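*Asks:* Okay, structure incoming, though there's no sequence with it:
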Ligand SMILES: Nc1ncnc2c1ncn2[C@@H]1O[C@H](COP(=O)(O)OP(=O)(O)OP(=O)(O)O)[C@@H](O)[C@H]1O
Ligand SMILES: [Mg+2]
């Protein structure tokens with residue numbers, strides 16, 4: 001009987017032949033790579049790829065993290081990352097873990113060079129997470145080698161239409177939803193320490209946004225509060241409307257009023273209402289208009305860009321006027337430039353952001369990128385600002401936050417003391433009508449200072465503060481009257497003397 005040795009022998013021979021052929025080919029390729037000129041190598045590579053294309057029935061799509069000029073992280077990459085994080089955690093063997101929403105759960109995603117498969121309407125696709133190193137740039141000094149991350153999607157040619165249409169739409173849609181669900185809201189600030197020009201580094205640094213303020217806890221007249229909430233909610237749902245009227249999907253809010261009336265608190269309440277990130281822009285740390293534009297490009301949609309105390313941030317108030325004066329006289333121009341330089345040096349800020357740079361930031365062509373953004377300015381002195389800065393269209397809604405009303409006090413009493421009615425409320429109401437007090441002062445008085453402090457104690461401390469404020473106001477008024485009468489007396493004396501001499 002013949003032994004069944006034929007097959008294994010042939011197989012072994014076949015493997016051996018194949019192995020040696022492969023080795024020869026590799027050897028040949030190594031020689032070609034070493035000695036062949038670059039152009040010829042490129043040519044060979046190009047045609048090998050084309051030849052492969054005839055026989056290799058699979059299609060590959062790459063999703064790069066930074067596409068194009070790399071100004072911004074690719075939305076498609078982020079959506080794919082989120083989609084795969086939800087779908088790969090069961091099948092991938094190496095995963096990356098990151099903190100998710102509220103720092104309470106971990107979000108897993110594919111680690112580098114990991115491959116997972118996905119099924120869509122019977123079609124099988126493969127996802128590979130990968131990274132490629134790009135050559136170090138030497139044009140402006142030496143930067144280390146940069147890594148570009150990407151996802152590669154491979155599928156059979158016969159599913160081409162279905163994958164490029166339906167499947168990719170499904171991935172992006174689901175990915176976006178997952179991102180919103182897992183999103184930890186962030187509070188960003190522009191770090192003045194930013195120097196490293198690597199493309200991966202953003203100009204913003206962030207922490208998790210955890211401010212607890214809401215519109216419910218804000219002391220304000222109920223009608224005004226409702227109006228602001230409705231305005232915000234309408235804005236957030238108006239994507240199509242803004243597209244229809246041909247306007248960028250953004251809205252400017254100017255919050256003004258004395259210190260301690262809740263401007264910063266309202267920004268936190270807005271962010272919590274709409275579930276937006278907050279970008280707290282420190283203008284004095286921005287070097288120039290170009291840097292301001294870069295900062296703007298790096299903000300994401302669903303966010304609030306805040307510039308607090310806009311009147312103090314830069315000397316934006318008189319710049320337009322100065323410019324016209326300057327143009328009339330060259331000598332003056334030089335002089336004022338030198339003074340400005342000196343001032344900048346003295347202040348140590350060195351910021352060269354101009355009013356026109358800021359105006360462009362708010363509603364220039366670049367401001368439209370991203371969409372769904374609120375720009376909020378706060379100031380204590382609205383009258384100091386350049387009218388161009390706060391005209392409608394730039395700052396669409398002007399909200400005055402003012403001294404505490406009795407309605408506002410009732411909200412604070414409910415928050416701080418759990419009180420809706422109390423016999424001392426009448427006294428508070430009467431005093432509030434007669435004098436001005438900020439919500440911050442009311443809040444401070446209503447705050448229990450020791451475990452034994454009860455509602456009566458807090459309310460009487462508030463009444464005392466109100467009475468003191470009233471007395472001070474009367475005193476100030478008396479002094480004002482005295483000053484004006486003195487001025488009148490002096491003026492009339494001067495008038496009499498000039499009449500005599502004439
Ligand atoms: N309208 C308000 N409702 C509830 N709390 C308020 C309100 N206004 C002020 N407060 C309380 O007072 C404190 C100071 O308020 P906030 O920082 O918002 O004032 P601001 O208007 O931003 O002042 P500034 O102009 O000095 O920046 C907050 O911690 C908040 O608790
Ligand atoms: Mg503030």
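*Replies:* Good, I have the coordinates. The shown structure was predicted, so the numbers you read here are calculated from the model rather than taken from an experiment. Ligands and ions are numbered 1, 2, ... in the order given.
*Asks:* For the closest residue to ligand 1 within the stretch 51-200 of the chain, which non-adjacent residue is spatially closest?
*Replies:* The nearest approach of the stretch 51-200 of the chain to ligand 1 comes at residue 187, 14.7 Å away (CB to the nearest ligand atom). (C-beta placed from N, C-alpha, C; glycine too.) Leaving aside its sequence neighbours, residue 187 sits nearest to residue 209 (CB to CB, 6 or more residues apart in numbering; 4.1 Å).
*Asks:* just to revisit the earlier point, residue 204 is in contact with the residue of the stretch 51-200 of the chain closest to ligand 1, correct?
*Replies:* No. Using CB atoms under 8 Å, residue 187 is not in contact with residue 204; the gap is 9.9 Å.
*Asks:* which parts of the chain sit against ligand 2?
*Replies:* 263-264 (CB under 5 Å from the ion).
*Asks:* and the residue of this protein nearest ligand 2?
*Replies:* residue 264 (3.3 Å; CB to the ion).
*Asks:* which element is that residue on?
*Replies:* Assigned by DSSP states H and E, residue 264 falls within helix 263-274.
*Asks:* how about that helix against ligand 1, any contact?
*Replies:* Yes. For helix 263-274 and ligand 1, the contact criterion (CB under 6 Å from any ligand atom) is met by 263-265.
*Asks:* Next, format these as a markdown table and append distance to residue 457, neighbour count and pLDDT.
*Replies:* Formatted as a markdown table, the residues of helix 263-274 next to ligand 1 follow (distance: CB to CB, whole Å; neighbours: other CB atoms under 10 Å; pLDDT from 0 to 100):
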| residue | distance to residue 457 | neighbour count | pLDDT |
| --- | --- | --- | --- |
| 263 | 30 | 23 | 95 |
| 264 | 28 | 18 | 95 |
| 265 | 25 | 22 | 95 |
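*Asks:* Can you show me the helices along the stretch 351-500 of the chain?
*Replies:* Taking DSSP state H, counting those that start in this stretch, the helices of the stretch 351-500 of the chain run over residues 355-363, 387-390, 406-417, 425-434, 439-446, 455-501.
*Asks:* And those helices: which comes nearest residue 82?
*Replies:* helix 355-363 (29.7 Å; CB to CB).
*Asks:* The closest one - what's its average pLDDT?
*Replies:* Per-region confidence: helix 355-363 scores 85 on mean pLDDT.
*Asks:* Show me the contact partners of that helix.
*Replies:* 248, 252, 283, 288-289, 292-293, 296, 314, 316, 319-320, 366-367, 375, 386, 388-389, 393-394 (CB atoms under 8 Å, 6 or more residues apart in numbering).
*Asks:* List the buried residues of that helix.
*Replies:* Neighbour-count burial for helix 355-363 flags 355, 357-363 (criterion: 16 or more other CB atoms under 10 Å).
*Asks:* Same question for stretch 436-445.
*Replies:* Result for stretch 436-445 [16+ other CB under 10 Å]: buried residues 437-443, 445.
*Asks:* so how far is that stretch off the chain centroid?
*Replies:* In terms of CA atoms, centre = their mean, to the nearest Å, the centre of stretch 436-445 is found 31 Å from the chain centre.
*Asks:* quick one: that stretch near ligand 1?
*Replies:* Yes. Using CB under 6 Å from any ligand atom as the criterion, contacts between stretch 436-445 and ligand 1 involve 439-440, 443.
*Asks:* Using a markdown table, please lay out these together with pLDDT and distance to residue 25.
*Replies:* Below are the residues of stretch 436-445 next to ligand 1 laid out as a markdown table (pLDDT from 0 to 100; distance: CB to CB, whole Å):
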| residue | pLDDT | distance to residue 25 |
| --- | --- | --- |
| 439 | 95 | 79 |
| 440 | 95 | 78 |
| 443 | 94 | 79 |
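*Asks:* Alongside ligand 1, which residues does the protein contribute?
*Replies:* Within the chain, the positions adjacent to ligand 1 are 218-220, 259-265, 380, 439-440, 443 by CB under 6 Å from any ligand atom.
*Asks:* what's near enough to touch the closest residue to residue 236 other than its chain neighbours?
*Replies:* Of all residues not flanking residue 236 in the chain, residue 274 sits nearest, at 5.3 Å (CB to CB, 6+ apart). When the contact criterion is CB under 8 Å, 6+ apart, the partners of residue 274 are 232-233, 236, 302, 304, 374.
*Asks:* pLDDT score assigned to residue 274?
*Replies:* Residue 274 carries a pLDDT value of 93.
*Asks:* Repeat that for residue 320.
*Replies:* On pLDDT, residue 320 comes in at 41.
*Asks:* need the helix or strand of this protein with the lowest average pLDDT.
*Replies:* Within the chain, no helix or strand scores below helix 319-328, which has a mean of 42 by mean pLDDT, DSSP states H and E.
*Asks:* ok, how many other residues are close to the residue in the chain that ligand 1 sits nearest to?
*Replies:* Residue nearest to ligand 1 within the chain: residue 262 (2.7 Å; CB to the nearest ligand atom). Using other CB atoms under 10 Å, residue 262 has 23 neighbouring residues.
*Asks:* Distance check, residue 217 against residue 424.
*Replies:* According to CB to CB, to the nearest Å, residue 217 stands 22 Å off from residue 424.
*Asks:* if we can go back for a sec, okay, the residues of stretch 436-445 next to ligand 1 in CSV with distance to residue 63 next?
*Replies:* Below are these laid out as CSV (distance: CB to CB, whole Å):
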residue, distance to residue 63
439, 49
440, 49
443, 50
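*Asks:* what's the closest of these to residue 416?
*Replies:* Closest approach between the residues of stretch 436-445 next to ligand 1 and residue 416, by CB to CB: residue 443, at 6.8 Å.
*Asks:* Now do the strands in this structure.
*Replies:* 58-64, 95-99, 106-110, 115-120, 123-134, 146-156, 186-190, 204-208, 250-256, 277-280, 303-307, 373-379, 397-400 (DSSP state E).
*Asks:* Just give the strands next to the first one in its sheet, each with its orientation.
*Replies:* Strand 58-64 pairs in its sheet with strand 146-156 (antiparallel), by DSSP bridges.
*Asks:* For the strand it pairs with, buried residues please.
*Replies:* For strand 146-156, by 16+ other CB under 10 Å, it's 146, 148-151, 153-155.
*Asks:* Quick check: the farthest pair among those?
*Replies:* Longest distance between any two of the buried residues of strand 146-156 is 29.3 Å, between 146 and 155; criterion CB to CB.
*Asks:* what bits of the stretch 1-150 of the chain have low per-residue confidence?
*Replies:* 1-12, 14-16, 18-19, 33, 53, 67-72, 88-92, 98-107, 109, 134-146 (pLDDT under 70).
*Asks:* Kindly report the same for the stretch 201-350 of the chain.
*Replies:* Flagging of the stretch 201-350 of the chain using pLDDT under 70 yields the residue ranges 201-202, 314-350.
*Asks:* Report the beta-bridge partners for the residue nearest to residue 164 when sequence neighbours are not counted.
*Replies:* Counting by CB to CB, 6+ apart, residue 164 lies nearest to residue 61, which is 7.8 Å off, once chain neighbours are set aside. When bridges are called by DSSP bridges, residue 61 pairs up with residue 153.
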